[in-house]
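> what follows is a predicted protein model with its sequence.
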Amino acid sequence: MLKEYFLNKVNTSIIELVKKSSLGSMSEADCYELQAEIPKNNQFGDFSVNVSSLARLAKLPPAKIAELIADNINKDNFDINVTAGFINFKLNNSMLNNILSEVLDKKLDYAKNNLGQGKKVILEYVSANPTGPFHIGHGRWAAMGSALANVMKYSGFNVYQEFYINDAGSQIQKLGKSLYIRILQEFKVDIDFPNDEEEAKNFYTGEYLIPIAKEFITKEPEKAAEIKTLYKGNFDAELLKYLCKYARLTMLNLQQKLLENFNTHFDNYFSELTLHESGLVESCIKKLNELGVLYEKDGALWFASSKYGDDQDRVIKKSDGAYTYLTADIAYHYNKLQRGFDTLINIWGADHHGYIPRMKAAIEVLGYNPNSLEVLLGQLVNLVMNGEQVRMGKRTKMITLDELIEEVGVDATRYWMIMRSIDTTLDFDVELAKSKTDENPVFYVQYAHARACSILRHAQAEKFDVINSNISNSAYNNEEDILSNLSASNFKILWDETDEKAIETTKKLILKLEEYKSVVQNAAKYRTPYLLTKYLQELASNFHQFYTYSKVLVEDKDLMTARLGIVKAVTIVLKSAMNLIAVSAPERM
RNA sequence: GUGUCCGUAGCUUAACAGGAUAGAGCAAAGAUCUCCGAAGUCUUUAGAUGUGGGUUCAACUCCCAUCGGGCACACCA
């Protein structure tokens, strides 16, 4: 990255000066605190390093320090100017040319990097009950999680994506009973969910179970008949058990299909039920007990989590003998750690934030570093329709993720879900996401890609021979190969241009291509995939500006070739970033 | 009440992990296609970053207080 390149120049210079004792009272230990950045105002330069913070250490005025450091830097590929405490760098054209040839050469691997150094990360997200359709909030976790996984992999992390299925506990009973009722209703048995609001909480009264009941009757007519004939006002225990399992698997299957369709691919679906069945929960409790952090009170078994940073102790085993949800989840996280993952990243809804201290407490007690658990708390999603927030109340019909995707499409849904920082409540405006106008950033970005592809198509169709004959010792037989092998020298001609605007927009665009590297790393490092959507919009904008001032398909063969190289490089980076957020990059629209 | 997230232009938001004159998009007004996709581009109008203190050479960013909004405070999952 060029940022690092220039920071390095500064640091090297400082060390040299310190060794010669010509930088006031500074010592070598003070050298690595600086940051390089892209100035907000480009009149200062392309990159800058602020050295004012060294003033105190060196006991010299900032301007003097900057001057000393700058004078000691060998300016080969760039110019330097110093203002106040800033050292500003301006690239020479040769460096810009190198950026282009590097993008063309490395293609989709252009910004691939080894920030993660192969660190084993398990990323757990969505993790819903298999008891009903996803709501739109799940869509946010799915889009965010999969984008984060992609960008972290691209940055050298070894990422394993897991979905924890909450398929144990009373909610599966609720699901089975509810399906039982729906099947009986199909047989015209006079039965319905309780009217009483409290009692109705023991059922899933949503209509989504009706088609599943119908399907069950078609697929398993014998069982269905049994359900009907054995019904005497009470549920048959065996049949209920059967239905619980059937409903659980059916719902899970529906969820998995939706996620796949939503470009969210898990390496594993981990069933909570298997934790219980395999004895992992038992052994985890045993382990906690041996560690002396459990005690009995009021007929229940408690975990003394308050000694490890939680605000109160938590129940592990209820007085009725059942385990709490927490217990299984501790066992699950223990299992993840034992599988050898260095970092556990969870995406949880903001409503679970109180849950973090107790889980960290458990991890610490079990002998692992509590900081290996990293919880990304996602704020919730509000749906906005016709300019008004749709409240997800008991009476209003819930809008499911399927319906939203059906309405606005996978690309727009993903883009909008990823677009905002996970820390802010997201207002999802359905009309805006649907609109195919300039109000919609997804189309703006996709349009830029399609436009660039269109230029390349023209080149291929009409100008191919021209380009081909233009490249000496050409052994290439398609436009793709030719452009991929352009070297920095092919781009020199770009700077012969006399139109200032053309030069300015070209330079800005190339620098933006370079910036992709640091955007990718920041997105991975700070777990912030929204940086990619922001970057895409900026790159698209810079490309449109370039397009406005620089005609690509011109008579001058050399110039055309160079500009085609830029267009190709833009399609590569646009496509790469869109791949990472798993939004399609259409060649035509 | 306690914890937590948020508060930036009329609306949606950014600010590169404390840095130069707080950037964009939408909305509003105007300009721009004999020419590679005008779904584009260019102008113009718009801000005491909720408020009050503090730390710092430097604060949207960190600390304290305060106001407003979301979420959570179970032997539920």
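Okay, I see it. Because the structure is predicted, anything quoted here is derived from the model rather than measured.
> drop to CA atoms for contacts and neighbour counts, all remaining ones
Noted.
> quick one, what contacts A:Ile566?
Contacts of A:Ile566 were listed using C-alpha atoms under 8 Å, 6 or more residues apart in numbering, and they are A:Leu100, A:Ile510.
> hang on, I meant A:Glu514
By C-alpha under 8 Å, 6+ apart, the contact set of A:Glu514 is A:Met1, A:Leu2, A:Ile99.
> and the stretch 351-500 of chain A, which of its residues are near RNA strand B?
Applying C-alpha under 7 Å from any atom of the strand, one finds that the stretch 351-500 of chain A approaches RNA strand B through A:351-355, A:379-380, A:420-421, A:423-427, A:436-441, A:443-444, A:447, A:450-451, A:453-455, A:458.
> let's see which of those residues end up in strands.
Counting by DSSP state E, these place A:Leu426, A:Asp427 in strands.
> let me know the pLDDT of the residue of chain A most remote from its centre.
No residue in chain A has its C-alpha farther from the mean C-alpha position than A:Lys232, which lies at 51.9 Å (C-alpha atoms, centre = their mean). Per-residue pLDDT puts A:Lys232 at 88.
> of the contacts of A:Glu514, buried ones?
A:Leu2, A:Ile99 (16 or more other C-alpha atoms under 10 Å).
> can I get the contacts of A:Glu514 in CSV with pLDDT and distance to A:Leu574?
CSV is the format used below for these (pLDDT from 0 to 100; distance: C-alpha to C-alpha, whole Å):
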residue, pLDDT, distance to A:Leu574
A:Met1, 87, 18
A:Leu2, 92, 20
A:Ile99, 96, 15
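> and which of the contacts of A:Glu514 is nearest A:Trp141?
Checking the contacts of A:Glu514 against A:Trp141 by C-alpha to C-alpha gives A:Met1 as the nearest, at 30.5 Å.
> wait, the closest one touches A:Ser518, no?
Yes. Using C-alpha atoms under 8 Å, A:Met1 is in contact with A:Ser518, at 6.8 Å.
> could you say which helix or strand holds the nearest residue to A:Ala300 once chain neighbours are set aside?
Leaving aside its sequence neighbours, A:Ala300 sits nearest to A:Ser319 (C-alpha to C-alpha, 6 or more residues apart in numbering; 4.4 Å). For A:Ser319, there is no helix or strand it lies in under DSSP states H and E.
> before we move on, back to that, just the contacts of A:Glu514: which are in strands?
Among the contacts of A:Glu514, no member falls in strands (DSSP E).
> okay if I get the contacts of A:Glu514 as TSV plus distance to A:Leu531?
Shown next, in TSV, are those (distance: C-alpha to C-alpha, whole Å):
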residue	distance to A:Leu531
A:Met1	17
A:Leu2	19
A:Ile99	21
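> which residue sits closest to A:Gly176, ignoring its sequence neighbours?
Nearest in space to A:Gly176, with sequence neighbours left out and distances taken as C-alpha to C-alpha, 6+ apart, is A:Cys244 at 4.0 Å.
> sorry, that was for A:Val375
Among residues not flanking A:Val375 along the chain, A:Asn346 sits closest, at 4.8 Å (C-alpha to C-alpha, 6+ apart).
> neighbours of A:Tyr308, how many?
17 (other C-alpha atoms under 10 Å).
> how about the helices in the stretch 401-550 of chain A?
Using DSSP state H, counting those that start in this stretch, the helices of the stretch 401-550 of chain A run over A:401-408, A:410-419, A:430-434, A:441-458, A:464-470, A:479-484, A:500-525, A:530-549.
> hey, which of those is tucked in deepest?
Compared across the helices of the stretch 401-550 of chain A, helix A:410-419 shows the largest average neighbour count, a mean of 24 (mean count of other C-alpha atoms under 10 Å).
> state the mean pLDDT of that one.
94.
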